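# Could you work out the structure for the sequence below:
(2 chains)
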Amino acid sequence: MKQNLKKELKQLYSDVPPIPDSRKIADLMAQAGSKAPALPRESSLLWFIRTQIRFVNRKFLLVQFLLICLYGFLTTAVLQDNDAFLLLVPFAPIAVLLGTGEFSRSFYCNMTELEFPSRFSLTQILLARLLIAAVIDMLSLSSMLLFTAMKTYLTFGSLILYGLVPSLLAAAGALFLINRSRGGDARYYVSAYCITLSAIGAISLTAWPAWYNGAATAVWLLVLAVSAMAFAAEVYKLLRDCSGWLECAKLQ
Amino acid sequence: MAYGGEFSDHAGEFEKIIAAYYEDIYKFCFRKIRDPAEAQDLTQDTFIRFMDAAGTYVDIEKPKALLYTIARNLCLNWLKRARPVSLDEPENGIAPVADDFSDESIRKVYLSIAVSALPDDQQEILILRYGQGLKIGEIAEILGLSRFQVMYQIRSALDRLRKNMRKED
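Numbering: from 1, shown residues only, chains lettered A, B, ... in the order given. Okay, here's the model as predicted:
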């Protein structure tokens, strides 16, 4: 009985007159042809990340480049041979600070709500931006390390430590602040934090030179491990919260 | 946020979609509004709106849901504006047709009357399921319902039809 009824319904709905005017289909086809280029084919995350690079503020890239040039000039032309690494610790957080501004513009420009219905989820958008910011920061840090290595007696391993630790501390702290203050104020807190970190780094070179002895390497390694874990935890928290939709947007 | 980034040259993409779905959308529009000329106009409108919206649609490689959604909304708007000509003509259902007095024809008439008596949303689901041959998941996507809700509505509609048909018998 059930199957009969379904069959009868299908027969009932099969009574449809033919399309009255086939010329309209031809007109529609002609219209469709004129609407080329047609449809976006690529929709992978990699394509999206490449597209996101176009949206990176050119001023940000210029400032990063100028920062590297300034660093290179100071270390190679101004500072004495053994003092070249003195700039590494204070400069590393500044490079990260510049990147966080670009990464968190969704929040301080109040664009998060607009980005909800985009082609990719908010999680993917922020992941793409985080990736771009991280690559740029790594390139900046690598350049700084190379300039420093050219004019210092320190081993490359020590330089990596002195560059990576402030960078990771800056990145972890910045994300910590962004995760807990998702509005326009976040960038001020992040700026204050990174500048403070940079200042501490600069002061420590003269006030606490023991920090840069070989004996303190273990402490640096410990701080590196802790800051790396803190960074990973904050990234996880950010991306996890993004999937919770409105939790990410500070509703004004 | 529509990314008008990398569009590869796929001339004919829209034409393929039109060729694949034009007849289905026309049949759907006809089943909703029961006027062939108007149904074709609504079908044309559906595809034009689809082409305009294509750049912002996330899953453009599966256009069926969007096409049916647009067509459905256009039909609903058309039905709101149009009014039935006579009280005897069903507003949103299938006009009974009986060319002869065979059992099959009479049963068909009873069935069409019984379908017309169903709530609008159930009639729509029956059209999509048995008229258009769509799957439960596709119907759920078009109507913005859960699969469970769609299955429940279908079962409820069939039960009512069976009850009404038994009364007529």
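# A:Leu97: neighbour count?
For A:Leu97, the count of nearby residues is 22 (other Cβ atoms under 10 Å in any protein chain shown). For every residue, glycine as well, the C-beta is placed using N, CA and C.
# where does it land on pLDDT?
Note on A:Leu97: pLDDT of 77.
# so who does it touch?
Residues near A:Leu97 by Cβ atoms under 8 Å, 6 or more residues apart in numbering or on different chains: A:170, A:174, A:190-191, A:194-195.
# Show me the helices in the chain, by range?
Chain wasn't specified; assuming chain A. Applying DSSP state H to chain A gives helices spanning A:2-13, A:22-33, A:45-54, A:58-73, A:88-103, A:105-108, A:112-115, A:122-150, A:156-180, A:186-207, A:217-242.
# nope, chain B
B:13-33, B:36-53, B:64-81, B:103-116, B:120-126, B:136-143, B:147-168.
# does the fourth one come close to chain A?
Yes: Helix B:103-116 comes into contact with chain A (Cβ under 8 Å from any Cβ of the partner chain), by way of B:107-108, B:111-112, B:115.
# Just the closest of these to A:Thr75, please.
Checking the residues of helix B:103-116 next to chain A against A:Thr75 by Cβ to Cβ gives B:Val115 as the nearest, at 82.7 Å.
# Pull the number of nearby residues for that closest one.
Quick note: B:Val115 (other Cβ under 10 Å) scores 23 neighbours.
# Next: A:Thr76.
Counted with other Cβ under 10 Å, A:Thr76 comes out at 13.
# care to break chain B down by domain?
If you go by automatic domain parsing, the domain ranges for chain B are B:10-82, B:91-169.
# winner for burial among the helices of chain A?
helix A:88-103 (a mean of 24; mean count of other Cβ atoms under 10 Å in any protein chain shown).
# how far does that helix sit from the chain's center?
12 Å (Cα atoms, centre = their mean, to the nearest Å).
# what's the angle between it and helix A:217-242?
Interaxial angle of helix A:88-103 relative to helix A:217-242 (axes from the mean of the first three to the mean of the last three Cα atoms, to 10 degrees): 0 degrees.
# circling back: for the residues of helix B:103-116 next to chain A, pick the one with the most neighbours.
Neighbour-wise, the residues of helix B:103-116 next to chain A (other Cβ under 10 Å) top out at B:Val115, 23 neighbours.
# Looks like it contacts B:Gln123 (just checking).
Yes: contact status for B:Val115 versus B:Gln123: in contact at 6.2 Å, counting by Cβ atoms under 8 Å.
# What's the local residue count around B:Arg162?
15.
# check contacts around the spatially closest residue to it that is not a sequence neighbour.
Distances taken as Cβ to Cβ, 6 or more residues apart in numbering or on different chains put A:Leu5 closest to B:Arg162, at 6.1 Å, once the chain neighbours are dropped. Residues near A:Leu5 by Cβ under 8 Å, 6+ apart: B:158, B:161-162, B:165.
# Which members of those are the farthest-apart pair?
Spanning the widest gap among these are B:Leu158 and B:Met165, at 10.2 Å by Cβ to Cβ.
# returning to that earlier point: would you mind finding the most buried of the domains of chain B?
Comparing those by mean neighbour count (mean count of other Cβ under 10 Å), domain B:10-82 comes out on top with a mean of 18.
# Looking at that domain now, give me its mean pLDDT.
Mean predicted confidence for domain B:10-82 is 85.
# Make JSON lines out of the helices of chain A and add distance to B:Ala37.
Output for the helices of chain A, formatted as JSON lines (distance: least, Cβ to Cβ, whole Å):
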{"stretch": "helix A:2-13", "distance to B:Ala37": "20"}
{"stretch": "helix A:22-33", "distance to B:Ala37": "10"}
{"stretch": "helix A:45-54", "distance to B:Ala37": "43"}
{"stretch": "helix A:58-73", "distance to B:Ala37": "55"}
{"stretch": "helix A:88-103", "distance to B:Ala37": "56"}
{"stretch": "helix A:105-108", "distance to B:Ala37": "49"}
{"stretch": "helix A:112-115", "distance to B:Ala37": "41"}
{"stretch": "helix A:122-150", "distance to B:Ala37": "46"}
{"stretch": "helix A:156-180", "distance to B:Ala37": "59"}
{"stretch": "helix A:186-207", "distance to B:Ala37": "59"}
{"stretch": "helix A:217-242", "distance to B:Ala37": "49"}
